[in-house]
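Chemist: The sequence isn't on hand, but the structure is:
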């Protein structure tokens, strides 16, 4: 069931990116570079945020388990969660570079 939802969401994302790019460029050709620019930016942000969310979930759960046994580990565990959140930021920066360069 989850796989079907992801496939439908990906298809809607692709169709939306194609329609948006064609509307902005005013062209009807599907091979225009503008379409792929928006698609690549959306893909960069989307995949990095999904990966960052998975990483934060796993690292956060492990950090909470470690802190429940030894409260002194809280200072050592929190930077790892911040590093996992940085993955989303890198995806956003890559998307900005794709769009404006």
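Modeler: Yep, it's here. Worth saying up front: this structure is predicted, and the values here are computed from it rather than measured.
Chemist: Not counting sequence-adjacent ones, nearest residue to residue 51?
Modeler: Spatial nearest neighbour of residue 51, excluding adjacent residues (C-beta to C-beta, 6 or more residues apart in numbering): residue 87 at 5.7 Å. C-beta here means a position set from N, CA and C on the backbone, and glycine is covered the same way.
Chemist: helix or strand for that neighbour, which one?
Modeler: helix 74-100 (DSSP states H and E).
Chemist: Now do the helix ranked longest in the chain against helix 74-100, angle only.
Modeler: When the chain is scanned for its longest helix (criterion: DSSP state H), the result is helix 33-69. For helix 33-69 against helix 74-100, the angle by axes from the mean of the first three to the mean of the last three C-alpha atoms, to 10 degrees is 180 degrees.
Chemist: what about helix 33-69, distance to the chain center?
Modeler: 5 Å (C-alpha atoms, centre = their mean, to the nearest Å).
Chemist: And stretch 3-21, by the same measure?
Modeler: On C-alpha atoms, centre = their mean, the centre of stretch 3-21 falls 15 Å from the chain's centre.
Chemist: Residue numbering should commence at 57 henceforth.
Modeler: Noted, 57 is the first residue going forward, which turns the last one into stretch 59-77.
Chemist: contacts for that stretch?
Modeler: 86, 88, 90, 91, 92, 93, 94, 95, 98, 102 (C-beta atoms under 8 Å, 6 or more residues apart in numbering).
Chemist: Stretch 129-142 too?
Modeler: 108, 111, 112, 115, 116, 118, 119, 122, 123.
Chemist: For residue 155, state which of the residues you listed is nearest.
Modeler: Among these, residue 108 lies closest to residue 155 (C-beta to C-beta), at 19.8 Å.
Chemist: Quick check: the closest one vs residue 116, distance?
Modeler: Using C-beta to C-beta, to the nearest Å, residue 108 is found at 12 Å from residue 116.
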